[in-house]
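> What follows is a protein structure lacking sequence information:
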């Protein structure tokens, strides 16, 4: 079965969505990611959607949900790499994903996570 | 009555008709002496009357017939120039319709039999009405051409996205925001965010004349889309009246950072990106 890979980078998890999301895949990802956050005791999650070209309201809500769940498990979540067309579509659908952190690319997102976790005192110099 | 005899009659009294007509136009309430000189009016009237008599002579009522060409061209140029000069449509059409009375006067004076008088009157009325409507159409066309050109010019005032500093963009909005423009503005802003890796976008609305709920909604959409791309927006250039309107309309802009001037917004943006500006003393 098709799965979206979740990569561990230090205390962060990196999720790169490189295929077109469909509903089932989104549900699987939701399950996998929450499990991995708990198992790996991840402090931060980066969701990279730079390859995502098509979104609908369901996928939009899934993304918001996944971010919400990860946050609930005490992992800072940053959504990175959204394309302009996707951003416009989501806004037109009335989903501006309030409460989800966003960044332009993975690099920026990583910087945001490090700053946020550094403030919390989680990163004792070992990133 | 035979067409030629009607035409001959007008031909004979041409000078008289012209004088009557001009006198009438000069005395009419629709005269725009501020826009049109009497000599010009006289020249236009003389030329049109001459061509009108030719049309009567030709005797066809088909507006597309070659015999109408000359008369129509004269009218076109009169109509266009008046449209550009700022005449109202009725003022322009009155030019043609006011010719009726002097023509009828001539018919009346000739003491024609009732049948011929009615025929002649009808004929003149039909011709002049057609020409009058034609005037209207040309007038309308010239106005529409002006409107079309202005719309194009307006679209050309597309919104540039300016890079102010490392990762700071400015979007000076000029003119009213409608849905189509918002779309264009949003797209160009987001593209530029990707291109320059900007973190902060300053939307300056100094040049937006009015802000209503729709415009505010468009602004909020742009802000939300930029945020999804990881860039924060600051709205600047809010004039006192606009601030009052926004509050009176109950629009909630509290989620967005707003500043009165672009300079203030820029200062905030610099601070957020960690840049500092310092003034060095100028040596004389």
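Cool, got the structure. The model shown is predicted, which means the values in this text are computed figures rather than measured ones. Numbers count the residues shown, from 1 in each chain, chains lettered A, B, ... in the order given.

> which stretches of chain B aren't confidently modelled?
B:1-4, B:30, B:155-158, B:283-284 (pLDDT under 70).

> max-length helix in it?
Using DSSP state H, we find that the single longest helix of chain B is helix B:114-156.

> which bits of chain B sit near chain A?
For chain B, the contact set with chain A under Cβ under 8 Å from any Cβ of the partner chain comprises B:183, B:186-187, B:190-191, B:193-194, B:197-199, B:221, B:224-231. C-beta coordinates here come from the backbone N, C-alpha and C atoms, glycine included.

> make it 6 Å
B:186, B:190, B:191, B:197, B:221, B:224, B:225, B:228, B:229, B:230 (Cβ under 6 Å from any Cβ of the partner chain).

> hang on, the first one packs against residue B:224?
No - in this structure, residue B:186 is not within contact of residue B:224 by Cβ atoms under 6 Å, at 9.8 Å.

> Okay, helices next: where are they in the stretch 101-250 of chain B?
B:114-156, B:179-196, B:213-228, B:240-248 (DSSP state H, counting those that start in this stretch).

> which residues sit against the last one?
Residues lying outside helix B:240-248 but in contact with it, judged by Cβ atoms under 6 Å, 6 or more residues apart in numbering or on different chains, are residue B:211.

> How is chain B partitioned into domains?
Per automatic domain parsing, the structural domains of chain B span B:3-155, B:162-273.

> what about the helices in chain A?
Using DSSP H, helices in chain A cover A:23-40, A:57-72, A:84-92, A:106-120.

> give the contact list for residue B:163.
B:169, B:196.

> Residue A:82 versus that one, what's the distance?
21 Å (Cβ to Cβ, to the nearest Å).

> hang on, the earlier thing: report all helices and strands that the longest helix of chain B contacts.
When contacts are defined as 3 or more Cβ pairs under 6 Å, 6 or more residues apart in numbering or on different chains; DSSP states H and E, helix B:114-156 sits against helix B:69-85, helix B:89-97, helix B:100-109.

> With distance to residue B:150 and mean neighbour count added, can I get these in TSV?
Listed next are the helices and strands packed on helix B:114-156 as TSV, based on distance: least, Cβ to Cβ, whole Å; neighbours: other Cβ atoms under 10 Å in any protein chain shown:
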stretch	distance to residue B:150	mean neighbour count
helix B:69-85	13	18
helix B:89-97	18	19
helix B:100-109	36	17
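
> Among the ones you listed, which comes closest to residue A:106?
helix B:69-85 (59.7 Å; Cβ to Cβ).

> unless I'm mixing things up, residue A:52 is touching residue A:16, no?
No - under the criterion of Cβ under 6 Å, residue A:52 is not in contact with residue A:16, lying 10.0 Å apart.

> distance of the residue nearest to the spatial centre of chain A from residue A:100?
By Cα atoms, centre = their mean, chain A has its centre lying nearest to residue A:47, at 2.7 Å. According to Cβ to Cβ, residue A:47 stands 9 Å off from residue A:100.

> Show me the common contact partners of the two, please.
Jointly contacting residue A:47 and residue A:100 under the rule Cβ under 6 Å, 6+ apart are residue A:79.

> Just the closest residue of the stretch 51-200 of chain B to chain A, please.
residue B:190 (3.4 Å; Cβ to the nearest Cβ).

> Name the nearest residue to that residue, ignoring sequence neighbours.
residue A:84 (3.4 Å; Cβ to Cβ, 6 or more residues apart in numbering or on different chains).

> now swap in residue B:221 and tell me
Residue nearest to residue B:221 in three dimensions, not counting chain neighbours: residue A:91, with 4.9 Å by Cβ to Cβ, 6+ apart.

> quick one, what contacts residue B:63?
Residue B:63 neighbours (Cβ under 6 Å, 6+ apart): residue B:130.

> Equivalent analysis for residue B:38, please.
Going by Cβ under 6 Å, 6+ apart, the list of residues near residue B:38 is empty.

> Run the chain-centre distance for stretch A:112-120.
Offset of stretch A:112-120 from its chain centre (Cα atoms, centre = their mean, to the nearest Å): 16 Å.

> what about it, near chain B?
No - shown here: stretch A:112-120 not in contact with chain B (Cβ under 6 Å from any Cβ), separated by at least 8.4 Å.

> Dump the helices of the stretch 101-250 of chain B to a markdown table, plus mean neighbour count.
Shown next, in a markdown table, are those (neighbours: other Cβ atoms under 10 Å in any protein chain shown):
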| stretch | mean neighbour count |
| --- | --- |
| helix B:114-156 | 15 |
| helix B:179-196 | 17 |
| helix B:213-228 | 21 |
| helix B:240-248 | 13 |
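
> Can you add distance to residue B:13 and give these back as CSV?
Below are those laid out as CSV (distance: least, Cβ to Cβ, whole Å):
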stretch, distance to residue B:13
helix B:114-156, 13
helix B:179-196, 58
helix B:213-228, 62
helix B:240-248, 64
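
> Tell me where chain A is predicted with low confidence.
Looking at chain A by pLDDT under 70, you get A:1, A:121-127.

> got the residues of it near chain B?
When proximity is defined as Cβ under 6 Å from any Cβ, chain A approaches chain B at A:82, A:84, A:87, A:88, A:91, A:96, A:102, A:103, A:104.

> So what does the last one have for phi and psi?
Yep, that's residue A:104 we're talking about. phi -70, psi -40 (degrees, to the nearest 10).

> which ones are touching the residue lying closest to it once chain neighbours are set aside?
In this structure, residue A:104 finds its nearest non-sequential neighbour in residue B:230, 4.2 Å apart by Cβ to Cβ, 6+ apart. With contact taken as Cβ under 6 Å, 6+ apart, residue B:230 is in contact with A:102, A:103, A:104.

> Would you agree residue B:83 is in contact with residue B:144?
No - Residue B:83 is not in contact with residue B:144 according to Cβ under 6 Å; the separation is 9.9 Å.

> what about the residue nearest to residue B:190, neighbour count?
Counted with other Cβ atoms under 10 Å in any protein chain shown, residues neighbouring residue A:84 total 20.
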